[in-house]
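Colleague: When you get a sec, could you give me coordinates for this:
(chains A and B)
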Number of protein chains: 2
Amino acid sequence: MTSTAADPLPSWNEGPAKQAILAFLARVTEEGSPDFLPPAERIAVFDNDGTLWPENPMPFQAAFALDELKRRVATEPGLAADPMVQAALAGDLARLLAGEHHDGVMRVLALTHAGMTTDEFRDAVVAWLASARHPRFGRRYDELTYLPMQELLRHLRANGFKHFIVSGGGADFMRVWVERVYGIPPEQVVGSTARTTFELRDSGPVLTKTLDHLFVNDRQGKPVGIHQFIGRRPVVCCGNSDGDHAMLQYTTIDNPRPSFGLIVHHTDGDREYAYDAETKSTGRLVDALEEAPGRGWLVVDMKRDWKAVFRPE
Amino acid sequence: MTSTAADPLPSWNEGPAKQAILAFLARVTEEGSPDFLPPAERIAVFDNDGTLWPENPMPFQAAFALDELKRRVATEPGLAADPMVQAALAGDLARLLAGEHHDGVMRVLALTHAGMTTDEFRDAVVAWLASARHPRFGRRYDELTYLPMQELLRHLRANGFKHFIVSGGGADFMRVWVERVYGIPPEQVVGSTARTTFELRDSGPVLTKTLDHLFVNDRQGKPVGIHQFIGRRPVVCCGNSDGDHAMLQYTTIDNPRPSFGLIVHHTDGDREYAYDAETKSTGRLVDALEEAPGRGWLVVDMKRDWKAVFRPE
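Modeller: Numbers count the residues shown, from 1 in each chain, chains lettered A, B, ... in the order given. Presented below is the predicted three-dimensional model:
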């Protein structure tokens, strides 16, 4: 482990969670240790929604989609006729979240995430991030990343780890801001994707977003996405829900290398949100939590283990 | 540009090709230059077959597939009944290459690239590379990378470029050896892919290769693959055939950053192979070659510009 005089995790309370993280890093980065991880294999994967920033009152990308619908429905009457658009505008989250893969959410995302060029989509995300505010915290969405997790990202990186976001969120949505917000370059984002089409217009080369071959990078899809995009097994995996269960298993079970699984447990309704089995948004956590002790996954109790949740305003 | 006493491209003959490469690097890496490329944007993409190693007498991955068929057909009679297997075993390359996307080749690859775990597939590739020899050169396939291109990879890397292979070849096939052979980690490989399925067996987590959602990373698919896997536009693109035409366009046309396109023209039948419009394997080069002068793409004449083709035995 890189020796630093300063505490590398100042927003973590002293206790078993912080100790477990530091002990793992000491074990795998000490030259000559039997658990030494060659630098090239220090691959760490992070879920995004609920792990690096909140997913309440709805996943932030869903808020983007709703705001886009609101903005466009005034000038595009056809859009207002779609039953899922109606459900979205009525705030009927239950209908949008129904089904194993949240089909309504996916439909709305699809309506707002296809039919434009990748540059146009990027510009829409940039404009939204600049203007939208979180309904409870009143801050820009990209200011609401978890400070302790930012410290963990930074400290792992200082110890030679290469980070990948592995999220059910759209790759095109996240790639707009991950470098600025997490210091993770766009090429290290594994997310939900669909095909684009390439075309050489008079104005230059253009990629247009479609819905074809939609890949939902969630649950069993996460190890599948990791294999497709990264091509090797991670050794560190941080998640917060049953959507991360399969990638926690893929990272830690029978891995010939030492590995580390971490679950952010949302226990702090005062400072953030409290949920696991029952959630009003995404982020249900039951199976992975039950399996955690047997697998040695670290369950981080936000209320107990985090000194601060967000960066002070 | 990193200043080195030694020539960084010793296997390139002095002349306009070598000068063009060195001049571009000088222009984009000099601090304060109007064309200075921020390090994070130094993304370089390389086709593999025909650009970094030969694609004759057939793409090396096709040789792997044929050798796998030969090995297995003896013990799996069902395999022998497939008409494309028969064509393959009869050496009927024309039939295998017929169709825009070489459907026969794809069918044979599919038969030999699905139904096993990703670990089993990796082991098969490792075993094949260790035993197979190129029919003309008598050397291991992975010893037949082009020495001048290896020097170009190394020199670009020394100047802060991050390399991605962007190949029609299978990502799972290439990831087995790219790090050892090119110094490019598996997560920087964009190739043809299909979905895997995840399963937790008693023996541990397993990914099984399928043919679902086959993505052929060739022609128009290359910029599509670049967007899906990398998520930003490259500034350097090296290819050798019309399969690379779209990614040459995507890299260089109306790119707000300075960019560089390079085409390896196979002109040396004595030391390697000579082909462009007419080829017995893949690698047809007509449209991209015609467009090259107008776009300012560097056409490398293997016979004239390369002092050596392969590393001496």
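Colleague: Number of residues surrounding A:L111?
Modeller: As a burial measure, A:L111 scores 19 neighbours (other CB atoms under 10 Å in any protein chain shown). Just so you know, the C-beta spots here come from the backbone N, C-alpha and C atoms, and that holds for glycine as well.
Colleague: what about the host helix or strand of it and chain B, touching?
Modeller: Using DSSP states H and E, A:L111 sits within helix A:103-113. No. Figure legend: helix A:103-113 not in contact with chain B (CB under 8 Å from any CB of the partner chain); closest approach 13.8 Å.
Colleague: can I get the CA coordinates of that helix in PDB?
Modeller: Taking Å, rounded to 0.1, in the frame of the first residue of the first chain, the C-alpha atoms of helix A:103-113 are listed here in PDB:
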ATOM      1  CA  ASP A 103     -39.900  -2.400 -18.700                       C
ATOM      2  CA  GLY A 104     -41.600   1.000 -18.400                       C
ATOM      3  CA  VAL A 105     -38.500   2.800 -17.400                       C
ATOM      4  CA  MET A 106     -36.700   1.100 -20.200                       C
ATOM      5  CA  ARG A 107     -39.400   2.200 -22.700                       C
ATOM      6  CA  VAL A 108     -39.200   5.800 -21.500                       C
ATOM      7  CA  LEU A 109     -35.400   5.700 -21.600                       C
ATOM      8  CA  ALA A 110     -35.700   4.200 -25.100                       C
ATOM      9  CA  LEU A 111     -37.900   7.100 -26.300                       C
ATOM     10  CA  THR A 112     -35.500   9.600 -25.000                       C
ATOM     11  CA  HIS A 113     -32.300   7.800 -25.800                       C
END
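Colleague: can you list contacts of that helix?
Modeller: A:59, A:61-62, A:64-66, A:68-69, A:72, A:79, A:82, A:84-85, A:87-88, A:95-98, A:121, A:170, A:172-173, A:194, A:209, A:211, A:214, A:216 (CB atoms under 8 Å, 6 or more residues apart in numbering or on different chains).
Colleague: Apply 6 Å and report the result again.
Modeller: Helix A:103-113 is contacted by residues A:62, A:65, A:68, A:84, A:88, A:95-96, A:211 when judged by CB atoms under 6 Å, 6 or more residues apart in numbering or on different chains.
Colleague: Pull out the buried residues from the following helix or strand past it.
Modeller: Note on helix A:103-113: by DSSP H and E, the next helix or strand toward the C-terminus is helix A:118-131. Within helix A:118-131, the residues that count as buried by 16 or more other CB atoms under 10 Å in any protein chain shown are A:118, A:121-122, A:124-125, A:128-129.
Colleague: what's the angle between helix A:118-131 and helix A:103-113?
Modeller: 110 degrees (axes from the mean of the first three to the mean of the last three CA atoms, to 10 degrees).
Colleague: Next secondary structure after helix A:118-131?
Modeller: Next along the chain after helix A:118-131, with elements defined by DSSP H and E, is helix A:147-158.
Colleague: How about that next one, which residues are buried there?
Modeller: A:147-153, A:155-157.
Colleague: can you list the residues you listed in TSV and add distance to A:H134?
Modeller: As requested, the buried residues of helix A:147-158 are exported to TSV (distance: CB to CB, whole Å):
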residue	distance to A:H134
A:L147	15
A:P148	19
A:M149	17
A:Q150	17
A:E151	21
A:L152	22
A:L153	21
A:H155	26
A:L156	27
A:R157	27
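Colleague: which SS class is A:A44?
Modeller: Assigned by DSSP: H, G, I helix; E, B strand; the rest coil, the conformation of A:A44 is strand.
Colleague: hmm, back to that, which among the buried residues of helix A:147-158 gets closest to chain B?
Modeller: A:R157 (14.6 Å; CB to the nearest CB).
Colleague: circling back to that earlier point, just checking: which of the contacts of helix A:103-113 also lie near chain B?
Modeller: Here nothing survives when the contacts of helix A:103-113 are matched to chain B using CB under 6 Å from any CB of the partner chain.
Colleague: Now, of the residues you listed, which are buried?
Modeller: Those of the contacts of helix A:103-113 that meet the buried threshold are A:62, A:65, A:68, A:84, A:88, A:95-96, by 16+ other CB under 10 Å.
Colleague: which among the contacts of helix A:103-113 gets closest to A:P234?
Modeller: For those, the residue nearest A:P234 by CB to CB is A:A62; the value is 26.7 Å.
Colleague: Can you tell me the element the closest one falls in?
Modeller: helix A:60-73.
Colleague: what comes up buried for that helix?
Modeller: A:60-69, A:73.
Colleague: As CSV, the buried residues of helix A:147-158 with distance to B:I230 and pLDDT would be great.
Modeller: As requested, the buried residues of helix A:147-158 are exported to CSV (distance: CB to CB, whole Å; pLDDT from 0 to 100):
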residue, distance to B:I230, pLDDT
A:L147, 29, 98
A:P148, 30, 98
A:M149, 25, 98
A:Q150, 24, 98
A:E151, 28, 98
A:L152, 26, 98
A:L153, 21, 98
A:H155, 27, 98
A:L156, 22, 98
A:R157, 20, 98
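Colleague: dump the residue contacts of the residue in the stretch 51-200 of chain A that chain B sits nearest to.
Modeller: Closest to chain B within the stretch 51-200 of chain A is A:P186: 3.7 Å, counting by CB to the nearest CB. When contacts are counted by CB under 6 Å, 6+ apart, A:P186 touches A:175, B:231-232.
Colleague: tally of neighbours for A:N48?
Modeller: Count around A:N48 with other CB under 10 Å applied: 25.
Colleague: Please apply the same query to A:P39.
Modeller: With other CB under 10 Å as criterion, A:P39 counts 11.
Colleague: Need the per-residue pLDDT for the nearest residue to it once chain neighbours are set aside.
Modeller: Computed as CB to CB, 6 or more residues apart in numbering or on different chains, the closest residue to A:P39 that is not its neighbour in sequence is A:G160, at 4.6 Å. A:G160 is assigned 98 on the pLDDT scale.
Colleague: Equivalent analysis for A:M1, please.
Modeller: For A:M1, pLDDT reads 46.
Colleague: Dihedrals phi and psi, A:E278?
Modeller: phi -110, psi 120 (degrees, to the nearest 10).
Colleague: if I look at the closest residue to it other than its chain neighbours, how far off is A:P83?
Modeller: Residue nearest to A:E278 in three dimensions, not counting chain neighbours: A:R284, with 8.0 Å by CB to CB, 6+ apart. To A:P83, A:R284 is 25 Å away according to CB to CB, to the nearest Å.
Colleague: Comparing the two, which residue is more hemmed in?
Modeller: In terms of neighbours (other CB under 10 Å), A:R284 is the more surrounded of A:R284 and A:P83; the figures are 16 against 11.
Colleague: thinking again about what came up before, using PDB, write out every CA atom in the helix holding A:A62.
Modeller: Taking Å, rounded to 0.1, in the frame of the first residue of the first chain, the C-alpha atoms of helix A:60-73 are listed here in PDB:
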ATOM      1  CA  PHE A  60     -30.900   9.900 -11.900                       C
ATOM      2  CA  GLN A  61     -30.900   8.800 -15.500                       C
ATOM      3  CA  ALA A  62     -34.700   8.300 -15.200                       C
ATOM      4  CA  ALA A  63     -34.900  11.900 -13.900                       C
ATOM      5  CA  PHE A  64     -33.100  13.000 -17.000                       C
ATOM      6  CA  ALA A  65     -35.500  11.000 -19.200                       C
ATOM      7  CA  LEU A  66     -38.500  12.500 -17.500                       C
ATOM      8  CA  ASP A  67     -37.200  16.000 -17.800                       C
ATOM      9  CA  GLU A  68     -36.500  15.300 -21.500                       C
ATOM     10  CA  LEU A  69     -40.000  14.100 -21.900                       C
ATOM     11  CA  LYS A  70     -41.400  17.100 -20.200                       C
ATOM     12  CA  ARG A  71     -39.300  19.400 -22.400                       C
ATOM     13  CA  ARG A  72     -40.300  17.700 -25.600                       C
ATOM     14  CA  VAL A  73     -43.900  16.700 -25.100                       C
END
